[in-house]
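Peer 1: Dropping a prediction and its sequence here:
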Amino acid sequence: MDEDDREGEDGAARAFAQLGREVSLLRAAVEGLTAARETIDIPDYEPTLERTEKILVALVHQIDGLAKKPAMTLTPETMGQRLNASVADATRELQHQVQSAKSAMAGAAHDLQNMVASARRGDEQNMWLIWAGMGGLVFGLFLYALMGGPIARLAPASWQWPERVAARVLDEPSIFDAGQHLMRTANADGWRAIVAGANLVKDNSEAIDRCQQQAAKAKKAVRCTIDVKVTE
């Protein structure tokens, strides 16, 4: 196909060259006829020749312009050079795009690594915060156990801080219940005696009241009779 193109281009160039030579010969002939007009008695062809000369001059200019067109000056060598230049430009552009894509991917990978490292550091910091919080809680409880009593005793007695602290620690609804809990735990036998005495006074409250009145009148101790229930 390259040989056919080359032969076609060479044929076109030869045809233009041949046409140029023929036009030049025709122009020279016309000029010779114009010069010989003075010696030869011929009809007046000057207007016709002038028109013909103008046409030929315009034709020569058109042929010269056509011959100077870039398409007519192309040869297989120049076409190959332009094709190679276009391929080289496209290759450089592709390499530039590939390098840009590689740079973007490297940047994204670096950012991802930074995010993972930051998340890992965040997890480690959270773990340290959890351990620090638990340590602070344990230390606070230990400090409260050591200093809670002395601090509560420094408060005025009417505030009942020690008693309230005891009730809260024992999870009792009132200070009285907290006291019962403490006595029952500290001395079970003594606690049972206290309960028995309280029940005896409760069951004989009327008799005890009469005895107290008699003792007040007599201003001395008196004997009283009380009922004692059988212990179950």
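Peer 2: Now that the structure is in, tell me what you want to look at. Numbering: from 1, shown residues only.

Peer 1: from here on, contacts and neighbour counts on C-alpha atoms
Peer 2: Noted.

Peer 1: Would you confirm that R164 contacts P173?
Peer 2: No - contact criterion Cα atoms under 8 Å: R164 and P173 do not qualify, at 10.0 Å.

Peer 1: Neighbour count: the two, which is higher?
Peer 2: R164 (16 against 10; other Cα atoms under 10 Å).

Peer 1: quick one, phi psi at that one?
Peer 2: Geometry field for R164 lists phi and psi as phi -70, psi -40, criterion degrees, to the nearest 10.

Peer 1: same question, R223
Peer 2: Torsion angles at R223 (phi, psi; degrees, to the nearest 10) stand at phi -90, psi 140.

Peer 1: contacting residues around it?
Peer 2: Contacts for R223 were tallied using Cα atoms under 8 Å, 6 or more residues apart in numbering; they are C211.

Peer 1: What of P156?
Peer 2: Applying Cα under 8 Å, 6+ apart to P156 gives no contacts.

Peer 1: try R184
Peer 2: Neighbour list for R184: 190-191 [criterion: Cα under 8 Å, 6+ apart].

Peer 1: how near is it to R192?
Peer 2: R184 is 8 Å from R192, where distance means Cα to Cα, to the nearest Å.

Peer 1: Repeat that for R223.
Peer 2: Distance from R223 to R192, by Cα to Cα: 26 Å.

Peer 1: likewise D177?
Peer 2: Distance of D177 to R192, computed by Cα to Cα: 15 Å.

Peer 1: Over to G133?
Peer 2: Look at G133 and R192: by Cα to Cα, they are 46 Å apart.

Peer 1: tell me the phi and psi of K229?
Peer 2: phi -80, psi 150.

Peer 1: That one: how many residues sit nearby?
Peer 2: By other Cα under 10 Å, the residues close to K229 number 9.

Peer 1: Over to G190?
Peer 2: A count of nearby residues for G190, using other Cα under 10 Å, gives 12.

Peer 1: Could I get the full set of strands for the chain?
Peer 2: All residues of the chain lie outside strands when identified by DSSP state E.

Peer 1: per-domain residue ranges of it.
Peer 2: 2-74, 200-232 (automatic domain parsing).

Peer 1: Please point out which parts of the last one sit buried.
Peer 2: Of the residues in domain 200-232, those with enough neighbours to count as buried (16 or more other Cα atoms under 10 Å) are 208, 211-212, 214.

Peer 1: helices and strands of this structure: which one bottoms out on pLDDT?
Peer 2: Ranked by mean pLDDT, DSSP states H and E, the weakest helix or strand in the chain is helix 70-73, scoring a mean of 58.
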